[in-house]
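>>> Quick one: sequence and predicted model below, then my questions.
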Amino acid sequence: MPVNIPRDLPARAILEDEGIFVMSDERARTQDIRPMRIAILNLMPTKEATETQLLRVLGSTPLQVEVTLLHMASHSSRNTPPEHLEAFYTTFADVEDQYFDGMIITGAPIELLKFEDVDYWPEMVQILDWTRQHVYSTLHICWGAQAALYHHHGVQKYELPSKLSGIFEHRVVRPESALLRGLDDSLTVPQSRHTGVHAADLESAGTVEVLAVGDDAGVLLATTPDLRQVFITGHPEYDRDTLDREYKRDAEAGLSPALPENYYPDDDPSREPAVTWRSYGVMLYANWLNHCVYQQVPFEQSHPLR
């Protein structure tokens, strides 16, 4: 089944060229089916690239998905044209009286800031609190995961000795979780971050279960027992060239970044990286949509959740 997105969204042409089934609002209204309503709070500066990555994995599932794109009203984006935000995005104030089956909160390149020093932190807190009663299951990515773990569960982040960048193996420690059905005993996932969380801190919180960890990358995946909050520290949705673009951007800025690990063939940045993580990403997002959202959410979700 397709992902339902605006006809003129730039990601649409890219996804159609890849064979991802997308649908316009006009076509969706002719079908006698209730789609999964998914909100995406896009905190990334490169919003169009992130839209495409997330819509690709959402469009690879058998469920019809209706997407609402959100951006922060309290933050001015310098890297996304205002006309793009005006045409395709809305703000929290416009949806705060609505209910969503699922929500995705992305990462943001602000990990080295204290949470309270982020200019939109008050709005972020408002949204995180709102998800408890207005969203059945929320999937938090990278900084979004750290922010939610801090706000909801009191888990502190810590700064890494150097940026963690590359493709890393993570072992599954709770294979019985519905979120991991059909997946192997280890998961290959891109990581790109300056901070992390300790598995022991998550476990001592008593409200979060760690599902997958890596020897080099630490915690990858955690959830609350009811699967209504999912935390992914990595980026299974990344494109082939995302880490390449990040590395070359930082190199051009004079930051002397280390090469992403396990990424370029023979550690040669002039060679095209191989995609070794896409199937894991598709399956993780499909499991989230199916087992955490579709199989659990009430058919008519129109009242505060407990």
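Perfect, thanks for sending it.
>>> List the residue ranges of the stretch 151-300 of the chain that fall below the pLDDT cut-off.
299-300 (pLDDT under 70).
>>> Tell me where it has helices.
With DSSP state H, counting those that start in this stretch as the criterion, the stretch 151-300 of the chain has helices at 199-205, 242-252, 278-287.
>>> Which strands and helices lie in contact with the longest strand that the chain contains?
Using DSSP state E, we find that the single longest strand of the chain is strand 158-172. Strand 158-172 sits against strand 186-196, strand 209-214, helix 242-252, with contacts defined as 3 or more CB pairs under 8 Å, 6 or more residues apart in numbering; DSSP states H and E. For every residue, glycine as well, the C-beta is placed using N, CA and C.
>>> relative to strand 186-196, how tilted is the last one?
Meaning helix 242-252. Inter-element angle recorded for helix 242-252 and strand 186-196: 30 degrees (by axes from the mean of the first three to the mean of the last three CA atoms, to 10 degrees).
>>> Going by neighbour count, which residues in helix 242-252 are buried?
Residues 242-244, 246-247 are the ones in helix 242-252 that count as buried (16 or more other CB atoms under 10 Å).
>>> before we move on, back to that, for the longest strand of the chain, buried residues please.
Within strand 158-172, the residues that count as buried by 16+ other CB under 10 Å are 163-170, 172.
>>> got it, and stretch 287-302?
287-294, 297, 301.
>>> for D241, what are its contacts?
P273 (CB atoms under 8 Å, 6 or more residues apart in numbering).
>>> which residue is nearest the centroid of this structure?
Compute the mean C-alpha point of the chain, and by CA atoms, centre = their mean the closest residue is I141, 3.9 Å away.
>>> Report the beta-bridge partners for that residue.
When bridges are called by DSSP bridges, I141 pairs up with I232.
>>> ok, residues contacting the longest strand of the chain?
Taking CB under 8 Å, 6+ apart as the rule, strand 158-172 contacts 112, 180, 183-198, 211-217, 220-221, 234, 243, 246-247, 257-263, 276-277.
>>> Quick one: end-to-end distance for stretch 275-292.
One end of stretch 275-292 to the other measures 27 Å (CA to CA, to the nearest Å).
>>> Over to stretch 134-148?
16 Å.
>>> mind checking how far that stretch is from the chain centre?
8 Å (CA atoms, centre = their mean, to the nearest Å).
>>> wait, what's in contact with H151?
115, 124-125, 128.
>>> Among these, name the buried ones.
Buried among these (16+ other CB under 10 Å): 115, 124, 128.
>>> quick one: contacts for Y294?
By CB under 8 Å, 6+ apart, the neighbours of Y294 are 36, 63, 101.
>>> I appreciate the help and will end here.
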